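**Student:** Any chance you can model this:
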Amino acid sequence: MTNDCGKCKSIYQKLEQHEQTITQLLAIIAVTNKKLIELNFRQNSYELMHFPNQRSTSTNFALEVTSQTSNTPKHDE
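**Tutor:** Numbers count the residues shown, from 1 in each chain. Presented below is the predicted three-dimensional model:
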């Protein structure tokens with residue numbers, strides 16, 4: 001940072017705070033997404049075990065989401 005004016009420092013601090021907030025929100029979204037995928041998988045397994053001849057729209061959705069996420073590359077946190 002080459003300019004030492006107070007306004008620039010304030011803007012820089014706000015920018016850093018926003019970056020931290022965005023990082024935290026992305027982490028929350030990632031954890032929530034993982035939990036939803038696991039819940040969908042459990043729901044799908046339950047429905048297949050107890051209702052093998054029937055598939056609800058949630059089961060079809062869970063199968064679709066699970067197959068899509070298994071093909072995406074994993075990112076280390």
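**Student:** And the helix or strand Met49 falls within, what does it pack against?
**Tutor:** In this structure, Met49 sits in helix 6-50 according to DSSP states H and E. With contacts taken as 3 or more CB pairs under 8 Å, 6 or more residues apart in numbering; DSSP states H and E, helix 6-50 sits against helix 57-70. Glycine gets a C-beta too; all of them are placed from N, C-alpha and C.
**Student:** can you give me the mean pLDDT across the helix it packs on?
**Tutor:** Here helix 57-70 scores 62 as its mean pLDDT.
**Student:** now swap in stretch 21-37 and tell me
**Tutor:** Stretch 21-37 carries an average pLDDT of 97.
**Student:** quick one: buried residues of that stretch?
**Tutor:** For stretch 21-37, burial by neighbour count (16 or more other CB atoms under 10 Å) applies to Ile37.
**Student:** Kindly report the same for stretch 38-46.
**Tutor:** Counting neighbours by 16+ other CB under 10 Å, one finds that the buried residues in stretch 38-46 are 40, 44.
**Student:** Extract the C-alpha set from it and format it as PDB.
**Tutor:** What follows is stretch 38-46, C-alpha atoms only, in PDB (Å, rounded to 0.1, in the frame of the first residue of the first chain):
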ATOM      1  CA  GLU A  38     -25.000 -37.000   2.900                       C
ATOM      2  CA  LEU A  39     -28.700 -36.600   4.000                       C
ATOM      3  CA  ASN A  40     -29.900 -37.200   0.400                       C
ATOM      4  CA  PHE A  41     -27.700 -40.300   0.200                       C
ATOM      5  CA  ARG A  42     -29.200 -41.600   3.500                       C
ATOM      6  CA  GLN A  43     -32.700 -40.800   2.300                       C
ATOM      7  CA  ASN A  44     -32.100 -42.600  -0.900                       C
ATOM      8  CA  SER A  45     -30.700 -45.700   0.800                       C
ATOM      9  CA  TYR A  46     -33.600 -45.700   3.200                       C
END
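**Student:** Before we move on, what's the pLDDT of His75?
**Tutor:** pLDDT, His75: 52.
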